[in-house]
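> model the following, please.
(2 chains)
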Amino acid sequence: MEIKLIGSSSPHIRSDETTQKIMLDVIIALMPALAASMYYFGFKAMVLVLASVISAVVTEYCCQRFMNRPITVTDLSAVVTGILLAFNLPAETPWWIAIVGSAFAIGIVKQVFGGLGFNFLNPALAARAFLMASWPHYLSGGFIDPAVDAVSSATPLALLKGTASGQLPSLWDMFMGNIPGVIGETSAILLLAGGIYLIYRGTIKWIIPVFYIGTVAVIALITDASTLPYHILGGGLILGAFFMATDYSTSPVTDKGKVIFAVGAGLLTMFIRKMGGYPEGVSYSILLMNILTPMIDKYIKPHVFGVATGGKKNEK
Amino acid sequence: MSTKLFTFKGGIHPPHNKSFTQNVPIEDAPAPDIVVIPLSQHIGAPCDSLVAVGDKVKVGQKIGESKAFVSAPVHASVSGTVKKIENRQVPGGAKVNSVIIESDGKYEVHESVQPKGRLEDLSKEDILSIIKEAGMAGMGGATFPTHVKLSPPKDKPIDTLLVNGAECEPYLTADHRIMLEKPEIVLLGTKTIMKALGVSKAYICIENNKPDAIKTLREIAKDEEGIEVVSMVAKYPQGDEKRLINAITGRVVPSGGLPMEVGCVVENVGTVATIGNVIKTGMPCVQRVVTVTGSAVENPKNLYVRLGTLFKDCIEMCGGYKEEPGKIINGGPMMGIAQYTDEVPVIKGTSGILVLNKKEANIPEHSNCILCGKCVDACPVNLMPYKIGRFSLLRNFDGADEYHATDCIECGACSYVCPAKRPLKESISVAKKEILTRRKKAK
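Have a look, this model is predicted:
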């Protein structure tokens, strides 16, 4: 029998994990929080998420088409960016802001630098920063308080900082998400559920969320223990720690590097919240640590098996 | 007896796929009409032929030998007539001078094949010369001549023998069946090697996905002084010798070094059993157990094959192809070598013949590295495969060297886990070869 065989280098089997499956896991993990945003903010949240996702996917397709690169919109990474960007917008934001933001995230932050895996900033966060700088009144005003359904309620951290006045919400409302804020950050418990799902699936490691939130907690405890729950449950910390700071391309690869990254982000977050002009520091702290990531990966390398470290001798 | 589970850091858990053959007893394979016996089935100097076309040969007759120390003689695996001596394709990829023998079907045994007597009566030197004359080479796949490994230089004292029964490659069950069906031969081989090395401690190391083999060997070795059967976590590449030494003894073989630098010798269970058989019957290395398996084989089996039997004859003995084969692999799916024809002979290092169907053999399209770090976690040597792979593809071999490309053991764990299906191990192999060539040139 004349047979045609495939010849290739080993290994001859591959795991069934794919980039698409990883991205799908992230989308699944974001679903509970997405449902919460619909529940609390209604139709407006849905419009923002849809506008943002569609814009992200279309931009990715157009960029790759224009640059003669393989079209990879089916890997779902643009969908994840779209959802995350929408999660960072207050419910009253006009839909076109979401479209511009997503186009910036995918076109400028991701594709210009080489596409998936080559961006050095988290696209959703960089786009949020871009929108904050360009249309500040949309991004830091316009919060809806779902409890009373009124516009322009100040977020808990703004109240804490004293840049807005009003009554701090109850911890139970903070936990469930019945508070003013961007559409994806409000329900701590549902974000946590998604984050734990990702850790359980092995999509992300526990290191960054635990060290990030841990650092924030320690500093809050040291400075003013009574504000601890607000610092942890508010300001998108849980959203950022589980879904943004764990972005593969913009966080260190090694475990040690991840610890440095997370502690750094925690310190910066509290620095901004306590001393800076903004009541919330999560997105800028992650962006700053994104910039440090290549350096962390350059200097923090795993110790290669059998390479002499000096001092540590084999026992016989 | 210790119930401790030994293991190493890193590694992966591919599907075992051993159920095809793990409960199939070893079957004696008849010799085909023609066997092709390459004169180089080992690492080291190739043998010169001792026979000429037209000669009659018998089973166990030495037909190839080299004067070099690092070499292993080859023997006829059938009785019959030498038909040709010519270059033939071997599973390693090269063409090698081979003796082609037509079998007369009588299996007449050569007069030199005599039992070696009681182990107690044999000296260290006797054993080493028996092992050398029997043509022993590492049968786990590396095929390094065994007598060389058992003759370490004086300044490298050996205190521990590790018998490698991990068989961490998916699909393969040859070693498993040997341990289950011939434990007394494994034990005899272990004691033989211990005596040759002059060591008093030996571990028979088995992954815990083979509880029956662990039980059988513990039972038979329970009264043996210094021989311990240890259970290890079933994880790939547990059977890599440096991983094995680290898991069992905690010792770290230095980068670029050999196991003897930490006082260890590692021998594969198949090699050990063949050595036991040499002592018991005197028959040199002319047969081995081969797992013929995969979804494209009709009846997967563990065959006791005469060396020189062509892959296609082995597959024929297992009922032939079940469907159109996509890939035929010498060895296991993680480190085995893909063949481009089924007309290659079984040699000393052929632990398995794996036939994948078209769908399984398909090479996946690769996409951008997403920096997930799964390759870094999987690497048993703690390398950063994604970085070395990137350097290699950019032909920046200095960069690859800086990231210790030459420490790669080519286990393929990085490529296996990569969600973007990047050819990590493949590109690291290229870098490794390039760096080693440059170093040689620089000398």
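> quick check: chain neighbours aside, which residue is closest to residue 188?
Using chain A here. Once flanking residues are discounted, A:A188 sits nearest to A:L233: 4.5 Å by CB to CB, 6 or more residues apart in numbering or on different chains. In short, each C-beta sits where N, CA and C put it, glycine included.
> correction: the question concerned chain B.
Spatial nearest neighbour of B:L188, excluding adjacent residues (CB to CB, 6+ apart): B:G276 at 3.8 Å.
> in chain B, which residue sits closest to chain A?
In chain B, no residue comes nearer to chain A than B:G412, which is 3.3 Å away by CB to the nearest CB.
> ok, now which ones touch that residue?
A:S10, A:P11, B:M334, B:M335, B:K425 (CB atoms under 8 Å, 6 or more residues apart in numbering or on different chains).
> returning to that earlier point: how near is the residue nearest to A:A188 to A:M174?
Separation of A:L233 from A:M174 (CB to CB, to the nearest Å): 4 Å.
> mind listing the helices for the stretch 151-300 of chain B?
B:174-181, B:183-197, B:211-220, B:241-249, B:269-281 (DSSP state H, counting those that start in this stretch).
> nearest to A:K301, out of those helices?
helix B:241-249 (19.6 Å; CB to CB).
> so which helix or strand takes in A:V263?
Per DSSP states H and E, A:V263 falls inside helix A:255-275.
> dump that helix to CSV, restricted to CA.
Output in CSV follows, covering the C-alpha atoms of helix A:255-275 (Å, rounded to 0.1, in the frame of the first residue of the first chain):
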residue,chain,number,x,y,z
ASP,A,255,5.2,33.7,39.6
LYS,A,256,7.7,35.9,41.3
GLY,A,257,7.2,38.6,38.7
LYS,A,258,3.5,38.4,39.3
VAL,A,259,4.0,39.1,43.0
ILE,A,260,6.1,42.2,42.3
PHE,A,261,3.5,43.4,39.7
ALA,A,262,0.6,42.9,42.1
VAL,A,263,2.2,44.5,45.1
GLY,A,264,3.3,47.4,42.9
ALA,A,265,-0.2,47.8,41.6
GLY,A,266,-1.6,47.7,45.2
LEU,A,267,0.8,50.4,46.4
LEU,A,268,0.1,52.6,43.4
THR,A,269,-3.7,52.2,43.8
MET,A,270,-3.6,53.3,47.4
PHE,A,271,-1.1,56.1,46.6
ILE,A,272,-3.5,57.5,44.1
ARG,A,273,-6.5,57.0,46.3
LYS,A,274,-4.9,58.6,49.3
MET,A,275,-2.6,61.3,47.9
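> which other helices and strands contact the helix or strand just after it?
Next along the chain after helix A:255-275, taking DSSP H and E as the criterion, comes helix A:282-299. Counting contacts by 3 or more CB pairs under 8 Å, 6 or more residues apart in numbering or on different chains; DSSP states H and E, helix A:282-299 packs against helix A:123-134, helix A:255-275.
> now do the helix or strand following the first one: distance to the chain's middle.
For helix A:123-134, the following helix or strand on the C-terminal side (DSSP H and E) is helix A:136-140. The offset between the C-alpha centroid of helix A:136-140 and the centroid of the whole chain comes to 20 Å, using CA atoms, centre = their mean, to the nearest Å.
> contacts for the lengthiest helix in chain B next, please.
Among the segments of chain B that qualify as a helix by DSSP state H, the longest is helix B:424-442. With contact meaning CB under 8 Å, 6+ apart, helix B:424-442 is reached by A:8-11, B:375, B:383, B:385-386, B:388-389, B:391-393, B:397, B:400-401, B:405-406, B:408, B:410-412, B:414-415, B:418.
> just give me the residue closest to the centre of chain A.
Central residue of chain A (CA atoms, centre = their mean): A:M244, 1.6 Å from the mean position.
> pLDDT weak spots in the chain?
This is for chain A. A:1-2, A:141-142, A:144, A:146-154, A:162-165, A:309-316 (pLDDT under 70).
> oops, chain B please
B:1-3.
> tally of neighbours for A:L233?
26 (other CB atoms under 10 Å in any protein chain shown).
> need phi/psi at it.
phi -90, psi -20 (degrees, to the nearest 10).
> dump the residue contacts of it.
Shown in contact with A:L233 (CB under 8 Å, 6+ apart): A:P156, A:L171, A:M174, A:F175, A:A188.
> surely the second one and A:L228 touch.
No. When contacts are counted by CB atoms under 8 Å, A:L171 is not listed as touching A:L228 (10.3 Å).
> when these two are compared, which one has more neighbours?
Shown here are A:L171 and A:L228; by other CB under 10 Å, A:L228 has more neighbours (16 against 12).
> ok, that one touching A:I219?
No. With contact defined as CB under 8 Å, A:L228 does not count as touching A:I219 (9.6 Å).
> ok so, going back, can you put the contacts of B:G412 in CSV and add secondary structure?
Output for those, formatted as CSV (DSSP: H, G, I helix; E, B strand; the rest coil):
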residue, secondary structure
A:S10, coil
A:P11, coil
B:M334, coil
B:M335, coil
B:K425, helix
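> of all residues in the stretch 151-300 of chain A, which one is closest to chain B?
A:V253 (4.0 Å).
> any idea how far the spatially most central residue of chain B lies from A:L76?
Centroid-nearest residue in chain B: B:G140, 1.6 Å away (criterion: CA atoms, centre = their mean). In this view, B:G140 and A:L76 are 42 Å apart by CB to CB.
> now swap in B:I245 and tell me
For B:I245, the distance to A:L76 (CB to CB) stands at 43 Å.
> and if you look at A:K110?
From A:K110 to A:L76 the distance is 14 Å (CB to CB).
> who has more neighbours, these two?
Ranked by neighbour count (other CB under 10 Å), A:K110 and A:L76 place A:K110 first, with 29 against 20.
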